[in-house]
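> got a predicted model here, sequence first, then my questions.
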Amino acid sequence: MKNPCHFASAILIVLVSLITTTFVPDSAFADSLVIGTITSVAGEKVSGATVSAKREGSTITTSVFTDETGNYYFPPLPNGKYQIWAQALTYQTANAKSELKEKSTRYDFVM
């Protein structure tokens, strides 16, 4: 390598990055993953259902759709109290209220 100073700097940056990402405690994560499955009362998976989440005191609603197996996945949501609901044509809307404070939370709805 032509300049050993640049090489040493690059190694130092990599080491600092590894140390800070490896030793971050779980409590430092401020987002929760919300996942779940939507099924009908008859036990069939509901594909194409809309699942929405709105944080208490916020004007923003985040919505996702279920896949062909009835599963849904939200992007990481900030921790806090949420209203979560699922809706689909010809089905009754399902509602839940919860406080997100875990790294991953599962809500299965029956419509």
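Done, it's in.

> please make it C-alpha for all contacts and neighbour counts, starting now.
Will do.

> tell me the centre residue of this structure?
The centre of the chain sits closest to L33, judged by C-alpha atoms, centre = their mean, with a distance of 2.5 Å.

> and that one, how far is that from Y82?
Plainly put, L33 is 13 Å away from Y82 if you go by C-alpha to C-alpha, to the nearest Å.

> likewise S40?
Applying C-alpha to C-alpha, the value for S40 to Y82 is 23 Å.

> between these two, point out the one with more neighbours.
When S40 is set against Y82 and neighbours are counted by other C-alpha atoms under 10 Å, the residue ahead is Y82, at 21 against 14.

> OK, contacts around the residue lying closest to the more buried one once chain neighbours are set aside?
In space, not counting the residues next to it along the chain, Y82 is nearest to R55; the distance is 4.3 Å by C-alpha to C-alpha, 6 or more residues apart in numbering. R55 sits next to T61, G80, K81, Y82, Q83 when contact means C-alpha atoms under 8 Å, 6 or more residues apart in numbering.

> got a ChimeraX select line for the buried ones in those residues?
Isolation of the buried members of these (16 or more other C-alpha atoms under 10 Å) is achieved in ChimeraX through the command below:
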select :80,81,82
